[in-house]
Each structure stands twice: as C-alpha cells, then as structure tokens.
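>>> here is a sequence together with a model predicted from it:
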Amino acid sequence: MVQAETAAMKNRQRFQYTREVRSTRTKGHLWNELVVETPEGRMHRLLSEDGKPLSAEQAKAEDDRIANLVSHPDDFRREGQGRRDDEGRLARLLQDLARAFLFRIDGSQGDCVRIAFQPNPSFEEQSYEDRVIHAMSGVLFIHTTDMRLCDIDAHLDHKVEFGFGLLGEVSDGSSFSITREEVFPGQWKTAKLRIHVNGSMLLLKSFSRDEDSSHYGFKKVANNLSVAQAAAIASSNASNRVGSLARPSGKTRPVDG
C-alpha cells in the first residue's frame, strides 16, 4: 500500500469537483463550493450557503476575491502552501507507518481488508509531529487488489503535551477520518473528510480545527492549469447547482462509526 500510494503521488491527475463542507473556516455554515486543482493550489468558488443561492452581494464578493487572486498569483500560492505542507507530512507519515504502529488484520469490508493499528512502543519519536501521530490508534482499510488506502479512522488515545505542557498540547479526543474512492482508473480521491482537533500552543494561543466535508462530481482538468485558467473554470461553472452533479460510485466502504 505504501509503495502504491507513494507512486500515485508522483503521477496524479488533477480534477475539478464539488465540496460540501461545514468547518471552522465556514463558521459553522454549510458551504457548497466548486474546487479546481492546479499545480499551485486549489481554486474554490462558493456556490451556495446553507442550501440557499448566494445573494448578489455574496456573488460579487466571490467575483472580487477570485479576480484578486488572478491579479496576485503569489497570494494564491501562499494559500496553497498549507495543502502542500500537508501532502509532505502525509508522504513522511506513509514512510514511517510500518515503524510507528503495530497492525492486526481485523476482518474485511467489501473489497477492502480491515486493519487495526496501535502505537508501536519501540518507535523513537523525532519531532512534536511524531509525538502526536504516535499517540493515535484506529483502523484503516486497504483495497485488496489495487493496494490503495480506502479509509482511515484514527483518534488520539491521550493528551499530548510539549515541554511538559508549557509549550502546548493537543487534547485527547482529537480525531480524523478519511474515506477515499477511485474516481477514474488508478486515480483515488478523498470523498469524505472529518477532522476534530483541539489544543493550545505557548500558553497563549488556543486552536481548533473542525471540518466535515464531502467531495464528489469529479471531472478531469489539465494538469498544468494556471491560476487564471482555474478561475475561468470556476466562474463558468458558478451557476451549476451542486445537486446536479452525480456522485460517482467507488470501490470503498464507509468507515465504521
């Protein structure tokens, strides 16, 4: 699975798709967005909020925001840096997976084998990030023929402190889950994402990240789209209603719980 996922990161296709998300970023509202992937990041355009079309004022604000990103592509690249950092962390996690956890086959579900995991006590943590990851346990699903990660459901077993709590902490109960689907032959994408993280850093700044999102209606786009081209695609599809996009059927099964 690690080999298959690592190879896929180097040969992936970019897409446009619809995202339904309720998160800290949306301030608890349900947003329907059109997302267009580019080498520099993801262009997104709000389509509706809480099931209602955008007002004229909201639509103009989206037009202005996207026009500003086209005029200032460095701002767009900075926005995409967080995602690129996440992808880098994922690549490192995949490489450390076999050493950081102990695994046990725990049955099967559809075309995927279910594997339970828990921290490996002999794993040597090298960073704060390692400490948080190593405190997690849960289950993952691997497709039996494609050897791709179908789902992962993980939670923090206990509170993780940095510098005896003086530098910060990540609260117990923090969790995340990802459900993935094969949207085109050999191309797997995140279909559902749930994240709940609470903590604090340096005694001064508390932080939380809550996100519950679904992604569907995947369509291929050119792998070398510019910011302006992505903006044009987003704008030309702004009138499409989210419900008109059919959800593709995939090979995965939802994570239990």
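Thanks, I have the structure now.

>>> only C-alpha atoms from now on, for both contacts and neighbour counts.
OK.

>>> count of neighbours near Gly51?
Per other Cα atoms under 10 Å, the neighbour tally for Gly51 reads 12.

>>> phi, psi for the closest residue to Ser175 other than its chain neighbours please.
Using Cα to Cα, 6 or more residues apart in numbering and skipping the chain neighbours, the partner closest in space to Ser175 is His155 (4.1 Å). The phi/psi pair for His155 (degrees, to the nearest 10) reads phi -140, psi 160.

>>> now for His155, how many residues are close by?
Neighbourhood size, His155 [other Cα under 10 Å]: 20.

>>> again, but for Asn11
11.

>>> so the residue nearest to Ser175 is in contact with Gly138, correct?
Yes - counting by Cα atoms under 8 Å, His155 touches Gly138, with 6.3 Å between them.

>>> that older thread, for the residue nearest to Ser175, give me its contacts.
Residues in contact with His155 (Cα atoms under 8 Å, 6 or more residues apart in numbering) are Met136, Ser137, Gly138, Gly173, Ser174, Ser175, Phe176.

>>> show me what it is bridged to.
Beta bridges link His155 to Ser137, Ser175 when assigned by DSSP bridges.

>>> give me the buried positions along the lengthiest helix in the chain.
Counting residues, the longest helix found in the chain (DSSP state H) is helix 73-100. Neighbour counts over helix 73-100 (16 or more other Cα atoms under 10 Å) mark Phe76, Arg77, Glu79, Gly80, Arg84, Ala91, Leu93, Leu94, Leu97, Arg99, Ala100 as buried.

>>> what is that helix packed up against?
When contacts are defined as 3 or more Cα pairs under 8 Å, 6 or more residues apart in numbering; DSSP states H and E, helix 73-100 sits against helix 2-10, strand 41-49, helix 56-71.

>>> pick the most deeply packed of the ones you listed.
Most buried of the helices and strands packed on helix 73-100, by mean neighbour count (mean count of other Cα atoms under 10 Å): strand 41-49, with a mean of 23.

>>> now do the phi/psi pair for Ala231.
Backbone torsions of Ala231, given as degrees, to the nearest 10, read phi -60, psi -40.
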